[in-house]
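>>> Kindly generate the corresponding structure for this input.
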Amino acid sequence: MPHPAEREELGVVRLVNLDDVNSNSEFDVRIFTDGSKIGGGVGASLSIWKGETETKAHKLALSKYCTVYQAELLALCKATREAKKYAEKSFGIYSDSMAALQTVQNHSCLHPLAVEARENLKAMSLQGKVVTLHWIKAHAGLEGNERADELAKGAAAGSKRKPDYDQCPVSFVKRSIRTSTLDEWNRRYKSGETASITKLFFPDAVKAYRMTKKFTPTNLKTQLMTGHGGFSEYLNRFKCKESPSCICDIKNRLRSAQQEQHEVLPKQQQGTPEPPEPQGAPQKQTEASLHHVDHVDGRDTAPGNTSEVSLL
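Predicted structure coming up:
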C-alpha cells in the first residue's frame, strides 16, 4: 500500500442521462466495461472506442463460483491495463457498477484487482495521461455500454476456455460451509430419536433454518414447538405433576363418562313411565327396602317407622 502522501485521489463522475454522457465523451479513447452472470457462467468484457467506432473488444471468462462484483472489478482492472498500452493522452473508462468503482477509488480496500487498477492509474498519471472514471446508468440505450453488456453475456454463456480469473470469493466459501453444515445438521436431525415434538412443526432442518428467520421467537413459541414447558405431560415426566392429562382432557373424559352413564341408566330415569307395582305385594319387602335406604344413609331406623323414612 502506498504512503498516504503518495496516494492519488480518484474521482468518479456520475452520468445520469444521455446529455451527461455526450458532455463527458471528449476523450481520445473511451473504454466501456461490464460484468455478467447468466446460465451458471460468469463473464466480463471491454469495448474500446475511438470516436464513434469500436476498435477493439475483449471477452473475459471467470470461474462459475465467481460473483458479478468480481467480474465488474476484473473488467475495470483490464481496462486500465489496456489503457497503459496506448499512446493517447486522455481516456474515459465507463462502468455501470458503482460498487466496483468505489472499490477502486477507496485506497483502504486491498482487493488484488482494485490494487492493480490503482497502480495502473498511478503509472499512467506519471506518464502524463489523464484517466477519468465514469458511472453510467445500465441499459439506458448508450451504444458503448450496450455493446459491453452484449459481450459480457456472451462470455458468461458461451466461453469454454480456461478462466481468465479463478480466485474464489469469500462469499462462496461462507456459502459452501453453511450448506455443508446444514446438510450434516439435517442428517443428524432426521436420524435422531429426540425432538419428536419439534419435528411435527419442522420435519426438515434446512427448511426450518430458512423459516425461523421470518419470525421472532418468544418463550411461549419455543415451549410450544419443543414441548419443553409448563405442560402437564412434560411436568409429569419430572414428577412435578401427578397426572399427565391437561384440564381440557379431563373435561372431555367427564363429558364422555356422562354420555356413557346416560346410555346405561334404567329407562325409568330417562323419562319412561315406571310399570305399576302388582297389587298384593308383600308389605315386608317394602319395609326391608326402606330399612336398606336408611342403612346406606347412615341411620338404623326400625322397619315400621315410616314417619322418619318419609323425611329422606
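
>>> Specify the helix with the largest residue count in the protein.
For the chain, the helix with the greatest residue count under DSSP state H is helix 170-191.

>>> If we go by neighbour counts, what in that one is buried?
182, 186, 189 (16 or more other Cβ atoms under 10 Å). C-beta coordinates here come from the backbone N, C-alpha and C atoms, glycine included.

>>> average model confidence for whichever helix or strand comes after it?
Once the chain leaves helix 170-191, the next helix or strand it forms, by DSSP states H and E, is helix 196-201. Regarding helix 196-201, the rounded mean pLDDT is 90.

>>> Just give me how far helix 196-201 sits from the chain centre.
20 Å (Cα atoms, centre = their mean, to the nearest Å).

>>> Repeat that for stretch 125-132.
Computed by Cα atoms, centre = their mean, the chain-centroid distance of stretch 125-132 equals 47 Å.

>>> what about dumping the CA coordinates of that stretch to CSV?
Taking C-alpha atoms only, stretch 125-132 is exported to CSV below (Å, rounded to 0.1, in the frame of the first residue of the first chain):
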residue,chain,number,x,y,z
SER,A,125,-0.6,9.7,-14.4
LEU,A,126,3.2,9.6,-14.2
GLN,A,127,3.2,9.3,-18.0
GLY,A,128,1.1,12.4,-18.3
LYS,A,129,-2.0,10.6,-19.2
VAL,A,130,-5.4,11.7,-17.9
VAL,A,131,-7.9,8.9,-17.0
THR,A,132,-11.4,9.7,-15.8
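
>>> Report pLDDT for the residue minimising distance to the centre of the chain.
Central residue of the chain (Cα atoms, centre = their mean): Arg210, 4.0 Å from the mean position. The per-residue pLDDT reported for Arg210 equals 86.

>>> That one looks like it's in a helix, true?
Yes. Counting by DSSP: H, G, I helix; E, B strand; the rest coil, one finds Arg210 located in a helix.

>>> roughly how far apart are it and Asp204?
10 Å (Cβ to Cβ, to the nearest Å).

>>> before we move on, what about Thr212?
According to Cβ to Cβ, Thr212 stands 12 Å off from Asp204.

>>> Leaving out chain neighbours, which residue sits closest to Ser36?
Ala152 (3.9 Å; Cβ to Cβ, 6 or more residues apart in numbering).

>>> Okay, buried residues for the helix or strand the one you found falls within please.
Ala152 is part of helix 143-158 when elements are defined by DSSP H and E. Of the residues in helix 143-158, 144-149, 151-156 count as buried by neighbour count, 16+ other Cβ under 10 Å.

>>> now swap in stretch 17-25 and tell me
Residues 21, 24-25 are the ones in stretch 17-25 that count as buried (16+ other Cβ under 10 Å).

>>> How about stretch 189-206?
For stretch 189-206, a neighbour-count test (16+ other Cβ under 10 Å) marks 189, 197-198, 202, 205 as buried.

>>> This completes my enquiry, with thanks.
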